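> make a model of this:
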Amino acid sequence: MALRMRARVPMPPVKPAANAGLTLYVAPDSPDSDWARLVLAEKDVDTAVVKAITPGRVDEDFLVLNPAQSLPTLADREGVISGARVIVEYLDERYPHPPLMPQDPAGRARVRMSAQRIEQELFPLAAALAGTGGEATAARKQLIDGLKAGARFFPARGHMLGPEYSLADTAWTVLLRRVQAAGLALPPEAASVTAYAARMFARAGFQRCFHPAAAAPASASRRRV
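Residues are numbered from 1 along each chain as shown. Purely as a prediction, here's the structure:
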């Protein structure tokens, strides 16, 4: 008796970005999106495009790439990736210089644990700072109290988890930028946090990401949002 072979259903191809290059789709005023933007800026990819998606406004290209419309989303020749932590690790592997992860497994695990805590616990508080009412007040208190209590873990010089700048530093930088923008005054006991933030804000990648006009010559062709 002849056996019937079931036809294999082909998987739909992953659609690349419209310009067949690297495009990072971000939400305005989002810590998660700012994190992905900062890591991309640290890698200084000349051909990368950062595109802001306005909430409530349909962007046809983005809708095709990511029907769920979750942000941030990265579209590369290799495919479409969503989720801030997945994107920043992908960028670090895709563009290995400068490296933002330690070479040893234990060091990478520490960076991942730190980044996960910031993304899951602290970024939501940072996002709440932009609001009003009780939620914003509670977020301000939690962040100030948390930074004050953890000030002893911020290094007097160098970086958070060792001698090299890492993805953990990029996440802390985004958080502390939000704290500064919200006008949160840290107490004297948190002076190490303030000094650490100043060092991170002085980096060229930070300037390229958040102050592009001052960081790049007027003739630069790369696009930043």
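> centroid-nearest residue for this structure?
Trp35 (1.5 Å; CA atoms, centre = their mean).
> can you tell me the SS state at that residue?
Recorded secondary structure, Trp35: helix (DSSP: H, G, I helix; E, B strand; the rest coil).
> one more: Leu24?
Leu24 - assigned by three-state DSSP - is strand.
> partner residues bridging it?
Assessed by DSSP bridges, Leu24 has beta-bridge partners Val50, Leu74.
> just give me the neighbour total for it.
Neighbour count of Leu24, defined by other CB atoms under 10 Å: 26. Heads up, the C-betas are built off the backbone N, CA and C, glycines and all.
> give me every residue that touches it.
36-37, 40, 48-51, 72-75, 87 (CB atoms under 8 Å, 6 or more residues apart in numbering).
> between these, which sits nearest His97?
Checking the contacts of Leu24 against His97 with CB to CB, the nearest one is Leu40 at 13.7 Å.
> which neighbouring elements make contact with the helix or strand that contains the closest one?
Leu40 belongs to helix 31-43 when assigned by DSSP states H and E. Packing contacts for helix 31-43, counted by 3 or more CB pairs under 8 Å, 6 or more residues apart in numbering; DSSP states H and E, involve strand 23-26, helix 84-94, helix 123-128, helix 167-181, helix 204-210.
> thinking the residue nearest to the centre of the chain is in contact with Trp172, fair?
No: Trp35 is beyond contact range of Trp172, at 10.1 Å (criterion: CB atoms under 8 Å).
> what residues of stretch 99-118 count as buried?
For stretch 99-118, a neighbour-count test (16 or more other CB atoms under 10 Å) marks 100-102, 110-111, 114-115, 118 as buried.
> secondary structure added to those, as TSV?
As requested, the buried residues of stretch 99-118 are exported to TSV (three-state DSSP):
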residue	secondary structure
Leu100	coil
Met101	coil
Pro102	coil
Arg110	helix
Val111	helix
Ser114	helix
Ala115	helix
Ile118	helix
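> tell me the one of these nearest Ile144?
Distance ranking of the buried residues of stretch 99-118 against Ile144, using CB to CB, places Ile118 first at 16.1 Å.
> surely Ala36 meets Ile81?
No: applying CB under 8 Å, one finds Ala36 not in contact with Ile81, separated by 9.8 Å.
> look at the two and report which has more neighbours.
Neighbour totals were compared for Ala36 and Ile81, and Ala36 leads with 29 against 20 (other CB under 10 Å).
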